[in-house]
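>>> let's see this in three dimensions:
(one chain, ligands or ions: 1)
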Amino acid sequence: DSAYDFYGPHQAGIRTPPQDHLVLMVFDVTTTSAAELQVMLAKWSAAIAQYTGGLAVGAVEPERDLAVPGDTGEAEGMGPNQLTVTLGFAPSMFDDRFGWKPHRPAALVDIPAFASDALTPGYTGGDICVQACASDPQVAYHAIRNLARMARTTAATRYVVQGFGRASAGAGQTTPRNLMGFKDGTRNITTDDDFEKFVWVGDDADQQWMIGGSYLVTRKIHMLIETWDADFIGDQHAVFGRTKVQGAPLGGAHEFDTPDFAAKAADGSPVIPATSHVALAAHENNGGVKILRRGYNFTDGIDSVGRLDAGLMFISYQKDPAQFVALQSKLGASDRLNEYIRHVGSGVFAVPPGLSGAGDYFGKALF
Ligand code: HEM
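Predicted coordinates:
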C-alpha cells in the first residue's frame, strides 16, 4: 500500500511502473469562463495531492446532520494504493474560449485519420483527460469520481474507460499479457536516455510551460475476440511476429532476444513477416522512432449482437505526437493485426510537467 509522490519535475503515472488498474475519464469543459476553469484546475490539483496520499477532501461524515459529505467515502481507510492521477489538455482547449491560443504548442494537433479507423465520437475528442492508475480499482475510481463531482457546472464527463490488467511493462516488471494472450510491453521504453530522447519535452520546446511534460495519445481499440479465438496458432504468431507463451521474436528463443528482421526462411521469406505487428512498429524499421506504451485491457461487457466487447485501451506517451502518427500510419495501412482490431476512440493531450508543490496547479502558466 505505498504512495507515489504527486509533486516533482514530471507528472506521476507516466514513468511510474504501470499499476494494475486504470480509470481514464475525458471531460468536456462546459464553462466559457476562464476564471471558473482556473478555479476547477486549482481545486483538482490540491485534491489529487490529497488522494495520492490516501486522504479524503472534505468530510466523509460531517458533524452537522444537514451537511452534505465533502468526500463520497468509498476509499475511506483504503490508503494510497499507489494512486497516480495524470492530466492532459486536448487541442480544443487552445481555441478562443479561455485565451490559451498563444500558448498552444505546435506539436499539439489532432491525430489525423488513418486507414482502418472506425472512430466513434463517444470515445474521441474531449477537452481534458484524467488518467488514474492504482493497485486497487476502487481507489482509482474514487479519485476520478470525486474530481468529476468537483467539476460539476464547469466540466462534464464525456467518456470513461475502466482498464483492468496492465498491458505494458515498466522497468523491473514482468511483462503482462493483453486479451489476445500475447505478452505486451516487452520492448518498451525503460532507460533514462530513452525517456529524455522520446518521452519528456525538452528545453528546446516552443512553449516553455511544456518543458518536462509529454504528449498523451489514447486509442480505444476494440478486439474482434471471437474471430481471433478461432485463428490458428501459426497465424497468431505471424500476426505479431512473436510466439505466444514465451513472447520470443520469431526465429529467437527467449522473450528479450533481439528480433532479427533480416533473417530469411528456407523459401526466402522473412522469418518475422514484414506485415507483422512488431516488424512494422519496431524502431529498427522506423528511423529509430520509439514511444512509451502504457495501455490497459478493458471490457465493456457484451455488444448489441452478443459478442464480447473488449480490447486494449492503448495509451502512449511521447515528446511529440508525431512519433505515434509515424507508427500508426504504417500499422493502420498494413498491420496483419487489423483483421482482428478496430480503433473506436482517439485522443491527443498535452500533459504539462509535474507541479512544484502546494499552491501550484495544472495550467497555472496559461492564465
Ligand atoms: C509491440 C500488441 C497496438 C506499437 C507489441 C507486441 C504486442 C503488441 C503483443 C509485442 C511485445 C512488445 O514488444 O510489447 C498490440 C495490440 C494492439 C497494439 C494487441 C491493439 C489492440 C499498437 C499501436 C501502436 C503499437 C496502436 C502504435 C501506434 C507497438 C510498438 C511495439 C509493439 C512500438 C514494439 C515493437 C518492437 O520494438 O519490437 N504490440 N499492440 N501497438 N506495439 Fe503494439
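>>> switch to C-alpha atoms for all contacts and neighbour counts from now on
Will do.
>>> helix, strand, or coil at the residue nearest to residue 168 when sequence neighbours are not counted?
Using Cα to Cα, 6 or more residues apart in numbering and skipping residues adjacent in sequence, the residue nearest residue 168 is residue 185, 4.1 Å away. The assignment at residue 185 comes out as coil when based on DSSP: H, G, I helix; E, B strand; the rest coil.
>>> ditto for residue 329
helix.
>>> residue contacts, residue 317?
Remark: with contacts taken as Cα atoms under 8 Å, 6 or more residues apart in numbering, residue 317 is in contact with 14, 199, 214-217, 291-294.
>>> can I get those residues in CSV including neighbour count?
Written out in CSV, the entries for the contacts of residue 317 read as follows (neighbours: other Cα atoms under 10 Å):
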residue, neighbour count
14, 26
199, 27
214, 27
215, 26
216, 29
217, 22
291, 24
292, 26
293, 24
294, 28
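>>> which among the residues you listed gets closest to residue 207?
Distance to residue 207 across those (Cα to Cα) is lowest for residue 214, with 12.0 Å.
>>> tell me the confidence at that closest one?
Residue 214 carries a pLDDT value of 98.
>>> list the contacts of residue 264.
So residue 264 contacts 270-271 (Cα under 8 Å, 6+ apart).
>>> if I look at the residue in the stretch 201-350 of the chain that the ligand sits nearest to, how far off is residue 346?
Of all residues in the stretch 201-350 of the chain, residue 282 sits closest to the ligand, at 3.5 Å by Cα to the nearest ligand atom. Counting by Cα to Cα, to the nearest Å, the gap between residue 282 and residue 346 amounts to 22 Å.
>>> for residue 258, same thing?
Going from residue 258 to residue 346 by Cα to Cα gives 31 Å.
>>> neighbours of the residue in the stretch 101-250 of the chain positioned nearest to the ligand, just the number please.
Scanning the stretch 101-250 of the chain for proximity to the ligand using Cα to the nearest ligand atom identifies residue 185 as nearest, at 3.2 Å. Residues within reach of residue 185, counting by other Cα atoms under 10 Å, total 22.
>>> is it true that it touches residue 166?
No: at 9.5 Å, residue 185 does not count as touching residue 166 under the criterion of Cα atoms under 8 Å.
>>> between those two, what contacts are shared?
Among the neighbours of residue 185, those also in contact with residue 166 (Cα under 8 Å, 6+ apart) are residue 176.
>>> how many neighbouring residues does residue 63 have?
The burial count assigned to residue 63 is 10, neighbours taken as other Cα under 10 Å.
>>> just residue 62 next, same as before
Residue 62 has 13 neighbouring residues, counting by other Cα under 10 Å.
>>> same deal with residue 223?
The criterion is other Cα under 10 Å. On that basis, residue 223 has 23 neighbouring residues.
>>> can you check residue 129 too?
Neighbouring residues of residue 129 were enumerated by other Cα under 10 Å; the total is 28.
>>> tell me the SS of it?
Counting by three-state DSSP, the backbone at residue 129 sits in strand.
>>> same thing with residue 42?
When the structure is split into helix, strand and coil by three-state DSSP, residue 42 lands in helix.
>>> was I right about it contacting residue 362?
Yes: counting by Cα under 8 Å, residue 42 does reach residue 362; the two are 6.9 Å apart.
>>> between those two, point out the one with more neighbours.
The residue with the greater number of neighbours, taking residue 42 and residue 362 and applying other Cα under 10 Å, is residue 362; the counts read 22 against 18.
>>> I'd say the more buried one and residue 352 touch.
Yes: under the criterion of Cα under 8 Å, residue 362 lies in contact with residue 352, with a separation of 7.2 Å.
>>> can you pull the contacts of the spatially most central residue of the chain?
The chain has residue 315 as the residue nearest its centroid, 2.8 Å off, counting by Cα atoms, centre = their mean. Residue 315 makes contact with 216-219, 293-296 under the criterion Cα under 8 Å, 6+ apart.
>>> and for residue 184?
If a contact means Cα under 8 Å, 6+ apart, then residue 184 has 167-169, 175-178 as its contacts.
>>> 10 Å - rerun?
For residue 184, the contacting residues are 166-169, 175-178, 247, 293-296, taking Cα atoms under 10 Å, 6 or more residues apart in numbering as the criterion.
>>> swap in residue 279?
Contacts for residue 279 were tallied using Cα under 10 Å, 6+ apart; they are 239-242, 249, 259-261, 272-273, 285-286, 331, 335.
>>> output those residues in TSV; the columns should cover pLDDT.
Shown next, in TSV, are the contacts of residue 279 (pLDDT from 0 to 100):
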residue	pLDDT
239	98
240	98
241	98
242	98
249	98
259	98
260	98
261	98
272	98
273	98
285	98
286	98
331	97
335	97
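>>> these, buried ones only, as a ChimeraX selection?
Typed into ChimeraX, the next command selects the buried ones out of the contacts of residue 279 (criterion: 16 or more other Cα atoms under 10 Å):
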select :239,240,241,242,249,259,260,261,272,273,331,335
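>>> restricted to helices, list the contacts of residue 279.
Judged by DSSP state H, the contacts of residue 279 include 239-240, 331 as members of helices.
>>> compare residue 282 and residue 346 (neighbour count), which wins?
residue 346 (27 against 17).
>>> mind listing what's buried along stretch 292-305?
Under the neighbour-count criterion of 16+ other Cα under 10 Å, stretch 292-305 has 292-299 buried.
>>> count residues in the vicinity of residue 68, would you?
Using other Cα under 10 Å, residue 68 is surrounded by 14 other residues.
>>> just the pLDDT for the closest residue to it other than its chain neighbours.
Distance criterion Cα to Cα, 6+ apart; nearest residue to residue 68, sequence neighbours excluded, is residue 62 at 7.2 Å. Model confidence at residue 62, expressed as pLDDT, equals 97.
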